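> any chance you can model this:
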Amino acid sequence: MADMEEKIKRINELYHKSKKEGLTDAEKTEQKQLRQEYIASVRGNLRAQLDQIDIINADGTISNLKEKRKTTMEKK
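Model (predicted):
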């Protein structure tokens, strides 16, 4: 978690620097990479939370969102 906090801090530093004086090409690349890692982390955390949710269907049965997603993905 501390690693992600450091990445967020660096993302913010680069953002503020881009507004004040601009970024070098290397810094733009770093900013893009950090943002992609952050978004991937948020998506992963959200997916993990959603996978833990159970839904009570109209017929009273309980189904897990993770299992529903798996069957939906298999149909595609």
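
> which strand residues bridge I56?
Partner residues in beta bridges with I56, using DSSP bridges, are I62.

> correct me if wrong: it contacts N64.
No - between I56 and N64 there is no contact under CB atoms under 8 Å: 11.2 Å. Just so you know, the C-beta spots here come from the backbone N, C-alpha and C atoms, and that holds for glycine as well.

> what about the two, which has more around it?
Each of I56 and N64 has its neighbours counted (other CB atoms under 10 Å); N64 has more, 14 against 9.

> now the more buried one. Nearest residue, chain neighbours left out?
Closest residue in space to N64, ignoring its immediate chain neighbours: D54 at 5.4 Å, by CB to CB, 6 or more residues apart in numbering.

> is it correct that that neighbour is in contact with K66?
No - using CB under 8 Å, D54 makes no contact with K66, being 9.6 Å away.

> what is in contact with these two at once?
Between them, D54 and K66 share no contacting residue under CB atoms under 8 Å, 6 or more residues apart in numbering.
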